[in-house]
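**Student:** could you work out the structure for the sequence below:
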Amino acid sequence: MNQKVKFTGILGTAAVIAAMIGILAGCATFAEKPKPAMVPTERGMVVFLEKYEFKQPPAGWALMKNVEGGDFELGFLRMEKGDFPSQTTFMYDDLPYGGQRDLEKRAQYYCTRFLFNSGIDLRVTQREKMQIIGLDAVAISMEGENPNRKEKAKSKVYLAKKGNRIISFVCTQWRPLNGTYGQEAFDHFEAFVQSFKFLKKDFYETFEEELTKAGL
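**Tutor:** I've put the predicted structure just below:
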C-alpha cells in the first residue's frame, strides 16, 4: 500500500513537472528572438543596429560592438598568423580623443593621445586634408614601436567633421618587431569607411536640434 502511494506520488510529481515544462516551452515559443546586430541588405551591405550601413569585411573578422557607450561604437577584429601580437582592428568611433571642434586642432591633440597607454612611440608618416563620405576630413598615417615589449603598430586614422562634431575611423595593425605588415586588412578598412552611411540622427545631433529649438 505504501509503495503504491509512493509510486502514485512520483507519477503525480512527474506530471506536474511535465506540465511546467510544457508551459515554459510554450512561453519560449512565443518569446521574440533577439535581433542580430548586423542585418544583410540586398545591396551587399549590412545594417548595424538600424543605425549604420557599411560593407562588412569577409569571414575571419569578428564583430566588436559597444552598445552601452565606451571607447568605440563598433568595429572588427582579426587574429592573424604569426607571433603575438599579430592582429588587426578597425572601428568607427563617435567620440575620438579631445573636445576641439576645429578639425586641425583636434587632429593635433589626437596624435598625442592615440595608443598612449600602449607604450608605442608613434610617429606620423603622412597627414593630409581630404573628404570621406561627403565630410571634410584629415587622414593620418602613423607607425611606431615598443622595443621593451618587442611589438610595433601601424595605423590609419580618419578624423571627419560631421555637423558640429568630429568622428573617427581607425585601423591599427599589430606585429612583433620582426613581423611584416600586410595591406589586405587596410583595404578592408578602406572599403568599410568609403561605404559607411548614417541611417538616422545620433543622440548628439538630436540634442543640438532641441537646444536650437529652445533658443539655447
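**Student:** ok, now which ones touch the closest residue to residue 126 other than its chain neighbours?
**Tutor:** In space, and not counting its chain neighbours, residue 126 is closest to residue 141: 4.1 Å by CB to CB, 6 or more residues apart in numbering. Using the backbone N, CA and C atoms, a C-beta is placed for each residue, glycine as well. Residues in contact with residue 141 (CB atoms under 8 Å, 6 or more residues apart in numbering) are 124, 125, 126, 127, 154, 155, 156, 157.
**Student:** what do you get for residue 215?
**Tutor:** Per CB under 8 Å, 6+ apart, neighbours of residue 215: none.
**Student:** mind listing the helices in this structure by residue range?
**Tutor:** For the chain, the helices defined by DSSP state H cover 2-30, 103-113, 184-194, 203-213.
**Student:** domain ranges for the chain, per the record?
**Tutor:** 1-31, 38-213 (automatic domain parsing).
**Student:** in CSV: those, plus mean pLDDT.
**Tutor:** Converted to CSV, the domains of the chain look like this (pLDDT from 0 to 100):
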stretch, mean pLDDT
domain 1-31, 42
domain 38-213, 92
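**Student:** quick check: which of those domains is buried the most?
**Tutor:** domain 38-213 (a mean of 16; mean count of other CB atoms under 10 Å).
**Student:** tell me how far the ends of that domain are from each other?
**Tutor:** 34 Å (CA to CA, to the nearest Å).
**Student:** how distant is that domain from the center of its chain?
**Tutor:** From the chain centre to the centre of domain 38-213 is a distance of 9 Å (CA atoms, centre = their mean, to the nearest Å).
**Student:** tell me the centre residue of this protein?
**Tutor:** Central residue check for the chain by CA atoms, centre = their mean: the C-alpha nearest the mean position is that of residue 74, 1.6 Å away.
**Student:** neighbouring contacts of stretch 81-92?
**Tutor:** 52, 64, 72-80, 151, 167-176, 179, 182, 185, 188-189, 192, 196.
**Student:** filter those residues down to the ones in strands?
**Tutor:** 52, 64, 74-79, 151, 167-176 (DSSP state E).
**Student:** which residues are in contact with stretch 112-124?
**Tutor:** 97-98, 111, 140-146, 148-149, 151-153, 155, 157, 172.
**Student:** out of those, name the ones that lie in strands.
**Tutor:** 140-146, 151-153, 155, 157, 172.
**Student:** with distance to residue 120 added, can I get those in CSV?
**Tutor:** As requested, these are arranged in CSV below (distance: CB to CB, whole Å):
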residue, distance to residue 120
140, 15
141, 14
142, 9
143, 9
144, 4
145, 7
146, 5
151, 8
152, 7
153, 5
155, 9
157, 14
172, 9
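**Student:** between the residues you listed, which is closest to residue 134?
**Tutor:** Among the ones in strands among the contacts of stretch 112-124, residue 157 lies closest to residue 134 (CB to CB), at 18.5 Å.
**Student:** which ones are touching the closest one?
**Tutor:** Counting by CB under 8 Å, 6+ apart, residue 157 makes contact with 110, 114, 139, 140, 141, 142, 168, 169, 170, 171.
**Student:** could I get those residues as JSON lines with distance to residue 88?
**Tutor:** Shown next, in JSON lines, are these (distance: CB to CB, whole Å):
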{"residue": "110", "distance to residue 88": "20"}
{"residue": "114", "distance to residue 88": "16"}
{"residue": "139", "distance to residue 88": "18"}
{"residue": "140", "distance to residue 88": "17"}
{"residue": "141", "distance to residue 88": "15"}
{"residue": "142", "distance to residue 88": "14"}
{"residue": "168", "distance to residue 88": "17"}
{"residue": "169", "distance to residue 88": "14"}
{"residue": "170", "distance to residue 88": "11"}
{"residue": "171", "distance to residue 88": "7"}
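**Student:** cool, thanks, talk later.
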